[in-house]
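**Q** sequence and predicted structure below; questions after.
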Amino acid sequence: MSGWSARVLYDFEGETQNAELVVYENDVITVVNQDAGDGWVEAVNTQGQQGLVPAAYIEYIDEGTGVQYETMDNYNHQNNQQADYSGTDVTISQPNQEWSEEESDDNVSAMQSKNLSVDYNDEDSRSTHSIRSNTIKKSMNRFTPYVKSGAEDFILGKDSDLNVGSTITITTPNNIDLVWVGAEQITCVITEPIKRQKFKGMKSFMSYHITPQTTNLTVERRYKQFDWFHDRLGEKFPCFIIPPLPEKVIAGKFQDEFVEQRREKLQQWLNRIGRHPVIAHCNVTNHFLTCSDDKQWKNGKREAESDPTARSGFFLTVNCEASLPEPLASESYVSSFQTFSKKMESNLDRMVRQNDDYTSKMMGSIKSMYSKYAQLFKEMGEVFDTGPLNDSKNVNVAILGTGRCFQDISDLFDAQPRADAHVMSEAVREYQGMLTSVPDMLHVHKGAAQKVKEFSKSDADKDPEEEQKVMRRYSTISAAVMAEINHFHRERNIDFNIINRNFLQTQLSFYRNVCSKLEHALSQYPDPSTVH
């Protein structure tokens, strides 16, 4: 079968019912369609199964596939004339995506997909960047996270004349770690989910009341506005770890239990965003949390969708107060985080499975065992009550109490997973979701590093000033990625300290409760020396 060979970088448990392919790290697959839409490729595995795989999860093996570069050799081969890039220049554009309150959530998602286009005849682009294109050229695969992030445009200096206004600062408070500088965290409370209707009741949706502690003013948002907000953050901050929203559902979305779970998860998501020193105070977050006027909402929405500081513009806003990281140091740091994230993902997967197993046993076999003991002790007490000795009454009462004790313990085992394992799994799943953003972030850095290496290996006579600018741009991307990695580590350190402490505290409380009931049951029995 014709196609392009590629190596899988990360495990992908595709949903076969959605035409997705299940692949694993280091698998070699054949890509038969590099443009399956919205960041997906169509591929065939070694078993002949065909399906969709995220483009971010693979690396092409064949030369000239996926990402292509133009070198000075090609330039000289063309009779010392300027290389014609009309067949390879890529212009990434995303139209202003407007949705109205009349549109359904599904339509909104479709409108907000990454509608990328290729312009093969961009004369202005060729003339503007013809000099630097001699040795460093735009990537063919426009769906890679590196290209979509705008990192390539930044490396090429395409938007160097853009006026971005305010800057985002990176510093080193301990003279070692790069960290984002930001203001106070924002905490939000989501309350009073309410069912709204339109078109005379033909369409219904849930709306949530959000109150940030910074203003104490309440705004109302529906899920599709959260979805829009999430997409804008992903575009504005191309190398940030943006946690995913809780998934959409079709059936049962108005049931009380689901609405409450959705409210809790949206609040958790929003507070995670509010803990990021940069995201918490950006313009799109401020618009989402404070705008209460419909007209102002639409105007602010348009501004956010055409934000010049999104994608490549973001890197122009980064100001590193400390010395920019050296290329080898940043590559080593990012590579270490890639290894760490894979191990963490594996550990969290196994932790969730262990919690499921723990829940199954606690609410199943262990609960059943104590219930059986309870029934046996109850029967024993009832049988002994039929005996002839009147002075055995105290013992019989104690035996019946033991039956009640074991039934209480059975109920405790049944309820306990909701207090510890379920709580831990929910916290772990949040981090599992966050880790799904890591490959895209790593690919942004990897793509930039590859572009710089291509520039360095070129045989062309380089302009020293341009070479210095390229290296500085790469170091800026590295600093941003490293600062985001460090933010993730700090959040992880804080969160898992709390998560594990809470798990141990609930376990201690549970077993103390069990011991207390056993001690009470034991105290009901008379002293052996008094029983005849």
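**A** Alright, I've got the coordinates.

**Q** hey, let's count contacts and neighbours off CA atoms from now on
**A** Noted.

**Q** state the distance from the residue nearest to residue 385 when sequence neighbours are not counted to residue 361.
**A** Nearest non-adjacent residue to residue 385, counting by C-alpha to C-alpha, 6 or more residues apart in numbering: residue 396, 6.3 Å away. Applying C-alpha to C-alpha, to the nearest Å, the value for residue 396 to residue 361 is 31 Å.

**Q** which one of those two has more residues nearby?
**A** residue 396 (23 against 16; other C-alpha atoms under 10 Å).

**Q** I'd like the next helix or strand past the helix or strand containing the more buried one.
**A** Taking DSSP states H and E as the definition, residue 396 sits inside helix 393-419. Toward the C-terminus, helix 393-419 is succeeded by helix 421-435 as the next helix or strand (DSSP H and E).

**Q** how far off centre is that next one?
**A** 11 Å (C-alpha atoms, centre = their mean, to the nearest Å).

**Q** mind exporting that helix as CSV, just the C-alpha atoms?
**A** What follows is helix 421-435, C-alpha atoms only, in CSV (Å, rounded to 0.1, in the frame of the first residue of the first chain):
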residue,chain,number,x,y,z
ALA,A,421,-11.1,5.9,46.1
HIS,A,422,-13.7,7.9,44.1
VAL,A,423,-12.3,11.2,45.3
MET,A,424,-8.7,10.2,44.4
SER,A,425,-9.8,8.9,41.0
GLU,A,426,-11.5,12.1,40.1
ALA,A,427,-8.4,14.1,41.0
VAL,A,428,-6.2,11.7,39.1
ARG,A,429,-8.5,11.9,36.0
GLU,A,430,-8.0,15.6,36.0
TYR,A,431,-4.3,15.1,35.7
GLN,A,432,-4.8,12.4,33.1
GLY,A,433,-6.7,15.0,31.0
MET,A,434,-3.9,17.5,31.5
LEU,A,435,-1.3,15.1,30.3
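
**Q** which neighbouring elements make contact with the helix or strand following that helix?
**A** Note on helix 421-435: by DSSP H and E, the next helix or strand toward the C-terminus is helix 438-457. Applying 3 or more C-alpha pairs under 8 Å, 6 or more residues apart in numbering; DSSP states H and E, one finds that helix 438-457 contacts helix 145-148, helix 151-156, helix 327-361, helix 464-523.

**Q** to residue 407, which of the ones you listed lies closest?
**A** helix 464-523 (10.4 Å; C-alpha to C-alpha).

**Q** can you give me how far the closest one is from the chain middle?
**A** Distance, centroid of helix 464-523 to centroid of chain: 15 Å (C-alpha atoms, centre = their mean).

**Q** over to stretch 428-446?
**A** The answer for stretch 428-446 is 6 Å, by C-alpha atoms, centre = their mean.

**Q** SS state for residue 214?
**A** Counting by DSSP: H, G, I helix; E, B strand; the rest coil, the backbone at residue 214 sits in coil.

**Q** need the contact partners of the one helix or strand residue 319 maps to.
**A** Counting by DSSP H and E, the element that carries residue 319 is strand 318-320. Residues outside strand 318-320 that contact it (C-alpha atoms under 8 Å, 6 or more residues apart in numbering): 167-171, 476, 479-480.

**Q** rerun at 10 Å
**A** For strand 318-320, the external contacting residues (C-alpha atoms under 10 Å, 6 or more residues apart in numbering) are 166-172, 178-181, 475-477, 479-480.

**Q** for stretch 323-334, same thing?
**A** 170-172, 175, 178, 335-338, 340, 441-442, 445-446, 449, 452, 471-482, 485.

**Q** return the alpha-carbon coordinates of that stretch using CSV.
**A** Provided in CSV are the C-alpha atoms of stretch 323-334 (Å, rounded to 0.1, in the frame of the first residue of the first chain):
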residue,chain,number,x,y,z
SER,A,323,19.4,34.5,30.8
LEU,A,324,17.7,32.5,28.0
PRO,A,325,18.4,28.8,28.2
GLU,A,326,21.1,27.2,26.1
PRO,A,327,19.7,24.9,23.3
LEU,A,328,21.3,21.7,24.7
ALA,A,329,20.1,22.5,28.2
SER,A,330,16.5,23.1,27.0
GLU,A,331,16.4,20.0,24.9
SER,A,332,17.6,17.9,27.8
TYR,A,333,15.1,19.5,30.1
VAL,A,334,12.2,19.0,27.7
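
**Q** list the buried residues of that stretch.
**A** For stretch 323-334, a neighbour-count test (16 or more other C-alpha atoms under 10 Å) marks 324-325, 327, 330-331, 334 as buried.

**Q** adding pLDDT, write those residues out as CSV.
**A** Supplementary listing: the buried residues of stretch 323-334 in CSV, determined by pLDDT from 0 to 100:
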residue, pLDDT
324, 83
325, 86
327, 87
330, 92
331, 92
334, 95
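
**Q** out of the residues you listed, which is nearest to residue 199?
**A** residue 334 (51.4 Å).

**Q** so how far is residue 492 from the closest one?
**A** Residue 334 sits 17 Å away from residue 492, going by C-alpha to C-alpha.

**Q** repeat that for residue 264.
**A** Taken as C-alpha to C-alpha, the span from residue 264 to residue 492 is 20 Å.

**Q** what's the answer for residue 298, then?
**A** In terms of C-alpha to C-alpha, residue 298 sits 36 Å off from residue 492.

**Q** thinking again about what came up before, what strands line up against the strand holding residue 319, and which way round?
**A** strand 168-171 (parallel) (DSSP bridges).

**Q** which residues touch the partner strand?
**A** Contacting residues not belonging to strand 168-171 are listed as 177-182, 277-278, 282, 314-324, 476, 479-480, 482-483 [C-alpha under 10 Å, 6+ apart].

**Q** residue contacts, the residue nearest to residue 414 when sequence neighbours are not counted?
**A** Leaving aside its chain neighbours, residue 414 sits nearest to residue 363 (4.4 Å; criterion: C-alpha to C-alpha, 6+ apart). Taking C-alpha under 10 Å, 6+ apart, we find residue 363 in contact with 357, 410-417.

**Q** just the buried residues from these, in ChimeraX please.
**A** The ChimeraX selection below is limited to those of the contacts of residue 363 classed as buried (16+ other C-alpha under 10 Å):
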select :410,411,412,413,414,415,416,417
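
**Q** can you put the contacts of residue 363 in a markdown table and add pLDDT?
**A** Output for the contacts of residue 363, formatted as a markdown table (pLDDT from 0 to 100):
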| residue | pLDDT |
| --- | --- |
| 357 | 97 |
| 410 | 98 |
| 411 | 98 |
| 412 | 98 |
| 413 | 98 |
| 414 | 97 |
| 415 | 97 |
| 416 | 97 |
| 417 | 97 |
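
**Q** what's the closest of the helices and strands packed on helix 438-457 to residue 308?
**A** helix 151-156 (12.6 Å).

**Q** tell me which residues in that closest one are buried?
**A** Under the neighbour-count criterion of 16+ other C-alpha under 10 Å, helix 151-156 has 151-156 buried.

**Q** select only the buried ones of the contacts of strand 318-320 in ChimeraX?
**A** Buried residues within the contacts of strand 318-320, by 16+ other C-alpha under 10 Å, are selected in ChimeraX with:
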select :168,169,170,171,172,178,179,180,181,475,476,477,479,480
